[in-house]
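Novice: Predicted structure and sequence below. I'll ask about it afterward.
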Amino acid sequence: EPEVTQTPSHQVTQMGQEVILRCVPISNHLYFYWYRQILGQKVEFLVSFYNNEISEKSEIFDDQFSVERPDGSNFTLKIRSTKLEDSAMYFCASSEVMGDRAYTFGSGTRLTVV
Amino acid sequence: QKEVEQNSGPLSVPEGAIASLNCTYSDRGSQSFFWYRQYSGKSPELIMFIYSNGDKEDGRFTAQLNKASQYVSLLIRDSQPSDSATYLCAVHTGNQFYFGTGTSLTVIP
C-alpha cells in the first residue's frame, strides 16, 4: 500500500536553530498538507499546498514557517528560529483530490527543541 | 471557530463488549466526518468516514451521523485488546480537517 514517508523520525534542535522536515507524498497525489500535534493535544492544521503554492494556512503558520516542493517528490516544512513551543509531532499528509476525502498521513517527525 | 468536542475518557470496556465513542461539532455546514485511530506516538490512521445521516457499517465498526444534532459517533463491536488506542473524530471543512482531542479507549482482556 502506498505510503507517505517522513524523515527524520526524530529531530532534536537547539532553540533558535532552523529545521527542515521532509516528506515524500504518495506519487500520484497532488495535494499536500502539514499538521502538528503537541504532546497530549489535538492534531492541528498548519498548511495545505497545491500546484506549487499554499492554498490554505492556519494562524499557527506564521512567518516562522515555510513550505516548499523543491523537486518532483519531496515536500518540506522549514521552521526558522525554533522555539521551545515548536516541540511537537509534525505530520505530513497527501491526497489525490481536494475536498472531503481522507488523507494519507505520514508516520510523523517528532521535533524536540531544547 | 470550528470546534470538535470529544470526551477524552479514558473509556474502558471488557473484551467482546461494544465501545461507544461520541463527538460533537460546531460548524453546521460541515459535510464530511471521519474517525481516525491513533496509537501512542504514531500517526492517525483512518477507520471510517461518513457523509450522510444515519449509520454506516464496516466490519466491527459502525459510524453514526446526525447532522441536525451535530453529532457523530463510532461503535466498535466485539472489542479486542488491539483496539486499545486513542480515537480521533475529525470534521472536514474547506480544505482542512478539524480534529477533536481524542478519546482514549482501553479494552480489558
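Specialist: All right, it came through fine. Residues are numbered from 1 along each chain as shown, chains lettered A, B, ... in the order given.
Novice: Report the separation between residue B:102 and residue B:6.
Specialist: 6 Å (CB to CB, to the nearest Å). Where you see a C-beta, it was placed from the backbone N, CA and C, and this is true even at glycine.
Novice: Looking at chain B, what residue ends up closest to chain A?
Specialist: residue B:32 (3.6 Å; CB to the nearest CB).
Novice: For that residue, name its beta-bridge partners.
Specialist: residue B:92 (DSSP bridges).
Novice: show me the contacts for it.
Specialist: A:100, B:49-51, B:91-92 (CB atoms under 8 Å, 6 or more residues apart in numbering or on different chains).
Novice: now those residues as JSON lines including pLDDT?
Specialist: As requested, the contacts of residue B:32 are exported to JSON lines (pLDDT from 0 to 100):
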{"residue": "A:100", "pLDDT": "54"}
{"residue": "B:49", "pLDDT": "91"}
{"residue": "B:50", "pLDDT": "93"}
{"residue": "B:51", "pLDDT": "90"}
{"residue": "B:91", "pLDDT": "92"}
{"residue": "B:92", "pLDDT": "86"}
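Novice: Can you tell me which of these is nearest residue A:6?
Specialist: residue B:92 (21.8 Å; CB to CB).
Novice: wait, doesn't that closest one sit right on residue B:29?
Specialist: No. Applying CB atoms under 8 Å, one finds residue B:92 not in contact with residue B:29, separated by 11.2 Å.
Novice: Tell me how many other residues crowd residue A:32.
Specialist: 23 (other CB atoms under 10 Å in any protein chain shown).
Novice: again with residue B:57
Specialist: 12.
Novice: is the lowest-mean-pLDDT helix or strand in chain B anywhere near chain A?
Specialist: Ranking every helix and strand in chain B by mean pLDDT, DSSP states H and E puts strand B:96-99 at the bottom, with a mean of 87. Yes. Counting by CB under 8 Å from any CB of the partner chain, chain A is contacted by strand B:96-99 at B:96-99.
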